[in-house]
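*Asks:* kindly return the folded structure for what I paste below:
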Amino acid sequence: MAESAAATPLHIIVLVKWVPDYQLERRIAEDRRMDRSGGVLSELDEYPLEAALQIREAAERPVRVSALTLGPSGASASAKKALQIGADDAFHLTDDALAGADVAATSVALRGAVEQAFATGDEETEAVRLVLTGMASEDGETSAVPAQLAERLGVALVTNATGISLEGDAVVVDRISASEQQKVRADLPAVVSVTDQANDPRYPNFKAIMAAKKKTTTSWALSEVGLTADDVASRTQVTAAAPRPPREAGEVITDEGDAGKRIVEFLAKERVL
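*Replies:* Here you go, the predicted structure:
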């Protein structure tokens, strides 16, 4: 008799990104790239991680939650934080050829890393596969990686998820569009991007932080996921970067009986009215 969907193991990979700390001033380094020396786990990536953990807690099947990050050595901090929050293991793709990677190059690299991560430890279980991402990264904010990654993997894509559940070997997603709420169903494997309206991410407690020390993080270079530097060559380059000019002082209106009129005139001048 064929194994039921409820008993088939599920492997969820959550993409997590190392981004500049939004509480610190962001600056461009001499190589025209964003200074990431004060990096943290992207807050928007905590929502798909929480969604994965909730799926694991509610499932009547074995569920493995893996965190996957891409970036320089410091990016391992985002993987470590994901392990502390509750991921079972983590993967880190790091290579000098990825420095300054644009969206297209990033999606190529992530495709190789995702396929390698799914292959690691799944050889005998034949697990059903799901990739969860944030709605955007806090630095680039393109929201383009989930779509490009799904296309390169050749799997279904669902974006803007505000709720996620499983029905057998399919994912059911509540999502928002420009003018309506939708409920859609996609057979696994699939890529789903999760919004900041989906849940309330948990914080790692002391027990979870200590448990994370025993969890594994596997690091790969491009060659170990079947890619070369030419495969991830960026199509775009930053040719110049300069600090944004300081804002000019605003106009102060003192009420001498005509303040309302002057405010309306100012708003009309700025084409706000």
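
*Asks:* buried residues in stretch 137-154, which are they?
*Replies:* By 16 or more other CB atoms under 10 Å, the buried positions in stretch 137-154 come out as 137-139, 143-150, 152-153. Every C-beta, even on glycine, is put in place using the N, C-alpha and C of the backbone.

*Asks:* now stretch 249-256: how far from the chain's centre is it?
*Replies:* 44 Å (CA atoms, centre = their mean, to the nearest Å).

*Asks:* report the mean confidence score over it.
*Replies:* Averaged over stretch 249-256, pLDDT sits at 80.

*Asks:* same check, this time on stretch 155-170
*Replies:* 93.

*Asks:* also stretch 196-216?
*Replies:* Here the average pLDDT along stretch 196-216 is 92.

*Asks:* got the CA coordinates for that stretch in CSV?
*Replies:* The C-alpha trace of stretch 196-216 is given here as CSV (Å, rounded to 0.1, in the frame of the first residue of the first chain):
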residue,chain,number,x,y,z
ASP,A,196,4.4,40.5,8.0
GLN,A,197,0.7,40.1,8.6
ALA,A,198,0.9,36.3,8.8
ASN,A,199,1.8,35.8,12.4
ASP,A,200,3.7,37.1,15.5
PRO,A,201,7.2,35.7,15.4
ARG,A,202,8.5,34.1,18.6
TYR,A,203,11.6,35.1,20.4
PRO,A,204,14.4,32.6,21.3
ASN,A,205,14.4,31.8,25.0
PHE,A,206,17.4,30.6,27.0
LYS,A,207,16.6,26.9,26.4
ALA,A,208,16.3,27.4,22.6
ILE,A,209,19.6,29.4,22.5
MET,A,210,21.4,26.6,24.3
ALA,A,211,19.8,24.0,22.1
ALA,A,212,21.0,25.8,19.0
LYS,A,213,24.6,25.2,19.9
LYS,A,214,24.1,21.5,19.1
LYS,A,215,22.5,22.2,15.8
THR,A,216,24.5,22.0,12.6
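
*Asks:* heading C-terminal from the longest strand anywhere in the chain, find the next helix or strand.
*Replies:* Looking across the chain with DSSP state E, the single longest strand is strand 156-167. The helix or strand immediately downstream of strand 156-167 is strand 170-176, counting by DSSP states H and E.
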